[in-house]
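Participant: Let's see this in three dimensions:
(one chain, ligands or ions: 1)
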Amino acid sequence: MAADFLPINDWDHIEFYVSNARQASYFYSHAFGMEIAAYAGLETGVLDRTSYLLRSGDIKFVVTAPMHAEGPISDFVRKHGDGVKDIALEVDDAAKAYHETVKRGAEGVLEPTKIEDPHGNGYIVRSTIKTYGDVVHSFIERHNYHGPFLPGFTKPARIMGPRPTFTGLQRIDHIVGNVELGKMNYWVKWYEDVMGFALSDHFDDEHIKTEYAALMSKVMQSGNGYIKFPINEPAAGKKKSQIDEYLFYNNGPGAQHIALRTDDIVATVSQMQAQGVQFLPAVTRYYTDLEDQLHELAREGRGTMGPLGQPIKGQAYVDKIPELGLLAQLGILVDGDDEGYLLQIFTRIVEDRPTLFFEVIQRQGARGFGTGTFKALFEALEREKDARVQPAALQGAVETVPAE
Ligand SMILES: [Fe+2]
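Facilitator: Next up is the predicted model:
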């Protein structure tokens, strides 16, 4: 068990750098059903950027656009397109978080800084370290702040269009990073050494592959289990995978997807679909295989995965199987472990570049990442990728890298 020298209370927020924050906020608000809860820009005394805070349950996204051609936000967007810049974490002591992580090898970006709110709502302490690619982790200490989000933000004067319909998205479950071939173990060790995280799950290329492409993944988790960071790298295969494609268009490592938790995935996905979010289509074969597996579990008296109800066992389970039809219709995947089951679906990519997408997940006891669903999701992403023209850089096989 790693020493908890970096106690993290929870996710604080995710900041995206985008080229047009007004339009990006409209998308997350109206498609994902998030409320625009705070704003910072020229009207609130901020000169170099415009930011909108979007909230749904405990989830906080910030979309930030640059006001000028020069500067870090413009540089990020030019290189990566719209994407995740800051995976910010809430801590009790941002100075200690910075010093403990830098001492263990983190590269500092912002030393602990007290930031006063110009609108009289107190102050925060913020510090920031680098992680993979151009992504950073900010540590936010907010017990002396009582405003709408962060210093400089105010409640928005007006909402753009009708108030969005809440879709049931409740909290961030995990955020996945894509790193280069041969770099997964480097970042696994980095999260162990620098942040005190522990390995909670891993998938190798034997589990997650198609006939042509494969990936490897390890899941790093904070001491309290609230923060989960799976790290993916491409694996050797006859063709380059979606991970290679991501790394090409993102110009290096970055956040691949953000998983958002709901208590009712059928309602959430139905509502998001109605609001224009596209999800990866289902494969009929997956549900046929799954039905066989569930029957087998039921026969063994181990049917702990109830797709739409509480975990149930034995014959009662077989009676529930018809509900799979509803999941199949929406393309929701189901998997289980010893503790329960989980339901998952991926959106299509939400950018022009084939980079970032989202996941909607419902956990009924299961805390892990099902191997069956992971494989099916990987296959679905590969099918999407195969529908896109591949530039010369993405042609050819992925060679094995020698172990370091
Ligand atoms: Fe995921």
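Participant: which stretches of the protein have low pLDDT?
Facilitator: The model of the chain has pLDDT under 70 over residues 1-3, 159-160, 283-285, 290, 293-323, 336-338, 400-404.
Participant: at 50 instead, please
Facilitator: 1-2, 303-312, 314, 317-318 (pLDDT under 50).
Participant: R104 versus the residue most central in space within the chain, what's the distance?
Facilitator: By C-alpha atoms, centre = their mean, the chain has its centre lying nearest to I258, at 1.5 Å. In this view, I258 and R104 are 26 Å apart by C-beta to C-beta, to the nearest Å. To be clear about C-beta, it is placed using only N, CA and C from the backbone, and glycine gets the same treatment.
Participant: and what of L6?
Facilitator: Distance from L6 to R104, by C-beta to C-beta: 9 Å.
Participant: picking up where we left off before, contacting residues around the residue nearest to the centre of the chain?
Facilitator: Each residue near I258 by C-beta atoms under 8 Å, 6 or more residues apart in numbering is listed here: 14, 84, 172, 174-176, 356, 358-359.
Participant: G252 too?
Facilitator: G252 neighbours (C-beta under 8 Å, 6+ apart): 80, 133-134, 180.
Participant: Show me the contacts of I258 that map onto strands.
Facilitator: 14, 84, 172, 174-176, 358-359 (DSSP state E).
Participant: all helices for the protein, in order.
Facilitator: 21-30, 72-80, 94-103, 184-195, 242-249, 265-274, 284-299, 315-320, 324-330, 371-386 (DSSP state H).
Participant: Among the ones you listed, which comes closest to V63?
Facilitator: Among those, helix 21-30 comes nearest to V63, with 4.2 Å by C-beta to C-beta.
Participant: got the angle for that closest one vs helix 72-80?
Facilitator: Orientation check (axes from the mean of the first three to the mean of the last three C-alpha atoms, to 10 degrees): helix 21-30 against helix 72-80 gives 70 degrees.
Participant: Determine the number of other residues adjacent to the closest residue to Y98 other than its chain neighbours.
Facilitator: Nearest non-adjacent residue to Y98, counting by C-beta to C-beta, 6 or more residues apart in numbering: S127, 3.6 Å away. Number of residues near S127 (other C-beta atoms under 10 Å) recorded here: 25.
Participant: give me every residue that touches S127.
Facilitator: 94-95, 97-98, 108, 110-113, 138-139.
Participant: Next, find the distance separating A97 from I8.
Facilitator: 8 Å.
Participant: Compare the helices of the chain and give me the one nearest the ion.
Facilitator: Nearest of the helices of the chain to the ion, taken as C-beta to the ion: helix 371-386 at 7.5 Å.
Participant: Can you give the contact residues for that closest one?
Facilitator: By C-beta under 8 Å, 6+ apart, the list of residues contacting helix 371-386 reads 203, 207-210, 212-213, 215, 217, 241-242, 245, 280-281, 283, 286, 290, 293, 333-335, 342, 344, 346, 348-349, 354, 359.
Participant: now do 7 Å
Facilitator: Contacts of helix 371-386 with the rest of the structure, by C-beta atoms under 7 Å, 6 or more residues apart in numbering, involve 203, 207-208, 210, 213, 215, 241-242, 245, 280, 283, 286, 333, 335, 344, 346, 348, 354.
Participant: residues in the stretch 201-350 of the chain within reach of the ion, list them.
Facilitator: When proximity is defined by C-beta under 5 Å from the ion, the stretch 201-350 of the chain lies next to the ion at A259.
Participant: before we move on, back to that, and for A97 and I8, which residues touch both?
Facilitator: Common neighbours of A97 and I8 (C-beta under 7 Å, 6+ apart) are V91.
Participant: If you count surrounding residues, which of the two has more?
Facilitator: Using other C-beta under 10 Å as the criterion, A97 and I8 rank with A97 on top: 28 against 22.
Participant: Does that one touch F139 like I think?
Facilitator: Yes. With contacts counted by C-beta atoms under 7 Å, A97 reaches F139, the gap being 3.9 Å.
Participant: quick one, what contacts the residue lying closest to T165 once chain neighbours are set aside?
Facilitator: The shortest distance from T165 to any non-neighbouring residue, by C-beta to C-beta, 6+ apart, is to G33 (5.3 Å). Taking C-beta under 7 Å, 6+ apart, we find G33 in contact with 56, 164-167, 169, 271, 275.
Participant: was I right about E15 contacting K60?
Facilitator: No. The pair E15 and K60 does not pass the contact test of C-beta under 7 Å, sitting 9.3 Å apart.
Participant: Who has more neighbours out of these two?
Facilitator: K60 (23 against 20).
Participant: Quick check: bridge partners of the more buried one?
Facilitator: Beta-bridge partners of K60, counted by DSSP bridges, are R55.
Participant: My guess is it contacts L53. True?
Facilitator: Yes. If you go by C-beta under 7 Å, K60 and L53 touch, sitting 6.3 Å apart.
Participant: burial measure for the closest residue to the ion within the stretch 201-350 of the chain, as a count.
Facilitator: Using C-beta to the ion, the closest approach of the stretch 201-350 of the chain to the ion is made by A259 at 4.4 Å. The number of residues packed near A259 is 19, by other C-beta under 10 Å.
Participant: list the contacts for it?
Facilitator: A259 neighbours (C-beta under 7 Å, 6+ apart): 173-174, 359, 361.
Participant: Equivalent analysis for E35, please.
Facilitator: E35 neighbours (C-beta under 7 Å, 6+ apart): 54-56, 164.
Participant: Show me the two of the residues you listed that sit farthest apart.
Facilitator: R55 and P164 (10.8 Å).
Participant: Give me the common contacts of the two.
Facilitator: Joint contacts of R55 and P164 (C-beta under 7 Å, 6+ apart) are 34-35.
Participant: Could you give the bridge partners of the residue lying closest to L150 once chain neighbours are set aside?
Facilitator: Nearest-residue entry for L150: I124, 6.3 Å, with adjacent residues in sequence omitted and distances by C-beta to C-beta, 6+ apart. Per DSSP bridges, the residues bridged to I124 are I115.
Participant: I am finished for the moment; much appreciated.
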